[in-house]
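>>> When you get a sec, could you give me coordinates for this:
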Amino acid sequence: MDTILEFLQSGVLPTVLLVLRVLVPLLAFYVVWRCYTSFKKGQRRRDPVIMLWDEASGTRFPVLYWENSIGRSKSCDIYVPDATISRDHAVLMRRDEGWFICDTGSKAGVQVNGRKVEGRKLVNIGDRVTMGSTTLTLWNTDAQPREQRRLFTGFSREAASPLKLMMVATFTLLLVAVQGLCMGGELHPEQMIPFAAVLVMGWGLYSFSLGVLHRVSFEIETVAFLLSGIGIQLLAAYDIEGITTQIAAMLLGIVVFSFLLWFMGDMDRVAKCRLWIGIGALALLALTLLIGTGSYGSKNWIHLGPISVQPSEFVKIAFIFVGTSTLDRLQTKKNIGEFLIFTGACIGLLALMPDFGMALILFATFLIIAFMRSGSVRTIALVLAGAVLAVFVVLAVKPYVLDRFMGWGHVWDHINDDLGYQQTRVLTYIASGGFFGVGLGNSYLAPVFAADSDLVFGLLCEEQGLLLGLVVLLVFVLFIFYARSDVTRSRSTFFSIAACAAAGMLLFQTALNVYGATDVLPLTGVTLPFISSGGSSMISVWGMMAFLKASDERTYAARRASRRSMREKASQPPSRTREPSTQPPANSPSRRRTGSPSYGGGGRHARKEV
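Below is the predicted model:
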C-alpha cells in the first residue's frame, strides 16, 4: 500500500496518465472503425438469387431485394415496359414462409397460375404471375456473384472477430477507469465500480447474443458498449454518488434493445401494433402535460417518487415505429397524411411543454421518413415552409426562445450573463484540454451548470482531449453510412427506413448538442447520446441501436452454428445435389421451391439517398 501511495505522489504518475489519454482515443478509433469495416465486409453482395422470366419476349428480370416493386414506372425495382400494367402494379416480397406477391391497387389486378390474387399470395418456383398482358415465371438462378474491387478494405481484408473487438473495447474502458482510480494523485477505488458494472452488462449481452441466440454479428453492440462505458466513467469522475442511475439506465437500455429486436422479428406483429404504439406515444405526452413537473422552463418530466422520467425520450422510439412501413403498404397508401397528423400532434404537445429541442429532433426525423416514404421533394418543401412559419410564431409567443437567438453568435459579448456564460466556458476549456485532455477530475468546466448534460461535450474534450471527442462524433457519422449502405439489403422497407431515421435522429441530436454548446447553433438543451447524464436518454439511445441492428439481414437470417451441430453435420456423409440451371427451360419445372432466405433488399422507397 505504501508503494502505491508513493507512486501516486511521484512525478511519474502525470506522465503515465498522459500516455493513457493518448492510447484511449487511438484504441477507441480502432474499435469504431473496425466495427464499421467488419459490418461492410459481412454484407451480402447485391446479386440475384431468383429471377422473373418473360417467356413471350425471353427477357429475364433479376430479383435483387427482399421487397421489390413491379410496374411500368422506371422507378420500380422491376421495370416492365407494358402499357397494360399500372405504374406501381405489385410487390414481390420475401418472408419467412417464402416469396409472396401482393397487388398494390392496380387496375388489371394480379393473377397467379390463372387465379386472381386477393391480398398476399405465396408463390413458388415455376409459378406464373400475370399482370396485364405480361406473364412472368418465377425461377431460380445460380449465376456466379460478381467480384467487387475495393480501393480500401480497412485494417484487414477479413471481418474482425467480435471477441477481439470486445476485448479491445474493454481494454480501452479499463484505461479510462485507471485514470479515475488515480484521480488527483490519490487512490479512488470506488471509480472501478462503474467500470465493473459496465463490464458485466456488456459481456452479458455478448454471451446472450452470440452464445444463446447464436448471432454472427456484434458490431452495433460493441460500439454502444464502448460509448456507454466512456460516458459512465466520465460521469463517475464528475459525481460518483449519482452514477447509479446511469448504470441502471444502461441495464434497462440493454433490456429494451433485446426486446425490440425480438418484437421486430415478426413483421405482422409490428404492423398490428403500430397504431397502438402511436396512440400510446400521444397519451404519454398528454400525461406529461397534465402531471409533469416543470424544470428550467420546460414541463417535460414525470416524477414517480425518487424516480424521474422524461417521456419524450421514449416517444422518439414510437415516432420511428409509426413513421415506417413495409413496401406493400407504402404503395397502396401513397400519401403520408396519417403520419403528418401524428407528427403535428407530437410537435404541438412538445411545444406546449415547451420542449423545442425535442420538437426539432422529431421534425428532422419526420423529414427523413417522409422523403424515404414518398420521394416527393414538393411535399418536403411544403413542410419546410410550414416549419419556417411555425418558428416565427414560436419566437413571437415565447420570448425566452428569442433570447437564445439574440445571444447566438455573440456569446463573447455576454461572458458573465445568461446569454453567453455557458458557451464561453465550454469554448475556453475545450481549448485548454488540447488533444489529450487534462485528465479525469481535473476539469474547470465541472462547476458550470449542466456540465454533465447539455455541455458534456466540453467536459469530455477538456478531461479526455479533443481527439476522443472527435472519435465519439465519428461514431454518429458512421451510423449514417451504416444505415445507408444497409438500405438495399434490409429485409423490409420498414427496417430500411427505421435504420436511416434512427441514425439521422442520433446525428441531428448530436449536432444540436455539440453545436449548441460551442455557439455554432443556439443552445437547445438536448443530450449527447450515450455520454450525457440522463437515464431516459440512455434507455432511448439503446432503443435506437435496435433499429440499426434489425436492419442488418444477418440479425434474423444468420445464426452461428453450435459445436454440437457442427460435429453432427461433419459425421454425416456428404449428399450429392443437382445444381439448378442458369437458363430457364421451356417446359414446366421438375421441382418447385422458393428462393434462398439468406437474401436482403429494401424497395425503391427506402433507397432514396439521405
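
>>> what's the burial count for Tyr444?
As a burial measure, the neighbour count of Tyr444 was computed by other CB atoms under 10 Å and equals 16. For the C-beta atoms, the positions are set from N, CA and C on the backbone; glycine is no exception.

>>> Apart from its neighbours in sequence, what residue is nearest it?
If you skip the residues right next to it in sequence, Tyr444 has Tyr429 as its closest partner in space, 5.4 Å away by CB to CB, 6 or more residues apart in numbering.

>>> Figure out the helix or strand that the one you found lives in.
Applying DSSP states H and E as the criterion places Tyr429 in helix 421-433.

>>> Check the average confidence over that helix, would you?
Averaging pLDDT along helix 421-433 yields 91.

>>> Mind exporting the C-alpha coordinates of it to PDB?
Coordinates of the C-alpha atoms in helix 421-433 are reproduced here as PDB (Å, rounded to 0.1, in the frame of the first residue of the first chain):
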ATOM      1  CA  TYR A 421     -21.800  32.300 -19.700                       C
ATOM      2  CA  GLN A 422     -22.000  28.600 -20.500                       C
ATOM      3  CA  GLN A 423     -20.800  28.600 -24.100                       C
ATOM      4  CA  THR A 424     -17.800  30.800 -23.400                       C
ATOM      5  CA  ARG A 425     -16.700  28.500 -20.700                       C
ATOM      6  CA  VAL A 426     -17.100  25.500 -22.900                       C
ATOM      7  CA  LEU A 427     -15.000  27.000 -25.700                       C
ATOM      8  CA  THR A 428     -12.300  28.100 -23.300                       C
ATOM      9  CA  TYR A 429     -12.000  24.800 -21.500                       C
ATOM     10  CA  ILE A 430     -12.100  22.700 -24.700                       C
ATOM     11  CA  ALA A 431      -9.100  24.700 -25.900                       C
ATOM     12  CA  SER A 432      -7.300  24.300 -22.600                       C
ATOM     13  CA  GLY A 433      -7.800  20.500 -22.800                       C
END
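
>>> List the buried residues in it.
Of the residues in helix 421-433, those buried by neighbour count under the rule 16 or more other CB atoms under 10 Å are 421-427, 429-430, 433.

>>> contacting residues around that helix?
The contact list for helix 421-433 (CB atoms under 8 Å, 6 or more residues apart in numbering) reads 411-412, 414-415, 438, 443-445, 448-450, 454-455, 457-458, 461-466, 469, 516-519, 523.

>>> Please indicate which of those residues are buried?
411, 438, 443-445, 448, 450, 454-455, 457-458, 461-466, 469, 516-519, 523.

>>> Which ones among those map onto helices?
For the buried ones among the contacts of helix 421-433, membership in helices holds for 457-458, 461-464, 466, 469, 516-517, with DSSP state H as the criterion.

>>> Who are the packing partners of the one helix or strand Leu474 maps to?
Leu474 is located in helix 466-485, with elements delineated by DSSP H and E. Here helix 466-485 is seen to pack against helix 12-41, helix 219-238, helix 421-433, helix 456-464, helix 493-517, helix 535-551 when contacts are counted using 3 or more CB pairs under 8 Å, 6 or more residues apart in numbering; DSSP states H and E.

>>> send the alpha carbons of the shortest one over as CSV?
When you say that, I think you mean helix 456-464. Taking Å, rounded to 0.1, in the frame of the first residue of the first chain, the C-alpha atoms of helix 456-464 are listed here in CSV:
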residue,chain,number,x,y,z
VAL,A,456,-21.0,17.3,-21.6
PHE,A,457,-19.1,17.5,-24.9
GLY,A,458,-17.0,20.3,-23.4
LEU,A,459,-16.4,18.2,-20.3
LEU,A,460,-15.3,15.2,-22.4
CYS,A,461,-12.9,17.2,-24.5
GLU,A,462,-11.4,19.1,-21.6
GLU,A,463,-10.7,16.0,-19.5
GLN,A,464,-10.0,13.4,-22.2
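
>>> Tell me where the stretch 251-400 of the chain has helices.
Under the criterion DSSP state H, counting those that start in this stretch, the stretch 251-400 of the chain carries helices at the ranges 267-291, 311-323, 327-332, 337-352, 356-374, 377-397, 399-407.

>>> Any chance you could list what contacts the first one?
Residues lying outside helix 267-291 but in contact with it, judged by CB under 8 Å, 6+ apart, are 95, 263-264, 299-302, 311-312, 314-315, 318-319, 321-322, 325-326, 329, 342, 345-346, 349-350, 352-353, 491-492, 494.

>>> Give me the ChimeraX select line for those residues, limited to the buried ones.
Command for ChimeraX that selects the buried part of those, burial taken from 16+ other CB under 10 Å:
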select :95,264,299,300,301,302,311,312,314,315,318,319,321,322,325,326,329,342,346,349,350,353,491,492,494
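
>>> What distance do you get for Val12 to Leu213?
To Leu213, Val12 is 46 Å away according to CB to CB, to the nearest Å.

>>> Val520 too?
Noted for Val520: a distance of 42 Å to Leu213, by CB to CB.

>>> ditto for Phe435
Computed with CB to CB, the distance linking Phe435 and Leu213 is 40 Å.

>>> which non-adjacent residue is nearest Gly265?
Leaving aside its chain neighbours, Gly265 sits nearest to Tyr556 (5.7 Å; criterion: CB to CB, 6+ apart).

>>> That neighbour: what's it in contact with?
Neighbour list for Tyr556: 265, 491, 550 [criterion: CB under 8 Å, 6+ apart].

>>> In space, what's closest to the second one - neighbours in sequence excluded?
Across the structure, with CB to CB, 6+ apart as the measure, the residue nearest Arg491 apart from its sequence neighbours is Trp66 (4.7 Å).

>>> Model confidence score at that neighbour, please.
pLDDT, the model's per-residue confidence, is 82 for Trp66.

>>> Please tell me how far it sits from Gly265.
14 Å.

>>> between these two, which one's more packed in?
Applying other CB under 10 Å to Trp66 and Gly265 shows that Trp66 carries more neighbours, namely 28 against 14.

>>> That one contacts Arg94, correct?
Yes - the pair Trp66 and Arg94 passes the contact test of CB atoms under 8 Å, sitting 4.6 Å apart.

>>> so where is the stretch 1-150 of the chain shaky, pLDDT-wise?
1-11, 42-47, 142-150 (pLDDT under 70).

>>> ok so, going back, tabulate the contacts of Tyr556 (JSON lines), appending pLDDT.
Shown next, in JSON lines, are the contacts of Tyr556 (pLDDT from 0 to 100):
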{"residue": "Gly265", "pLDDT": "86"}
{"residue": "Arg491", "pLDDT": "75"}
{"residue": "Ala550", "pLDDT": "89"}
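
>>> out of those residues, which one sits closest to Met201?
Proximity of these to Met201 (CB to CB) peaks at Ala550, which lies at 20.5 Å.

>>> That closest one: neighbouring residues, count only.
The number of residues packed around Ala550, counting by other CB under 10 Å, is 26.

>>> Relative to Trp412, how far out is the closest residue to it other than its chain neighbours?
Taking CB to CB, 6+ apart as the measure, Ala550 lies nearest to Met264, with 4.8 Å between them; neighbours along the chain are not counted. Remark: distance between Met264 and Trp412 (CB to CB) = 48 Å.

>>> again with Val322
Taken as CB to CB, the span from Val322 to Trp412 is 43 Å.

>>> low pLDDT regions in the stretch 151-300 of the chain?
Low-confidence segments of the stretch 151-300 of the chain, defined by pLDDT under 70: 151-158, 295-297.

>>> Quick one: mean pLDDT for stretch 519-528?
Looking at stretch 519-528 alone, the average pLDDT works out to 86.

>>> which one of the ones in helices among the buried ones among the contacts of helix 421-433 is nearest Gly357?
For these, the residue nearest Gly357 by CB to CB is Gly516; the value is 8.4 Å.
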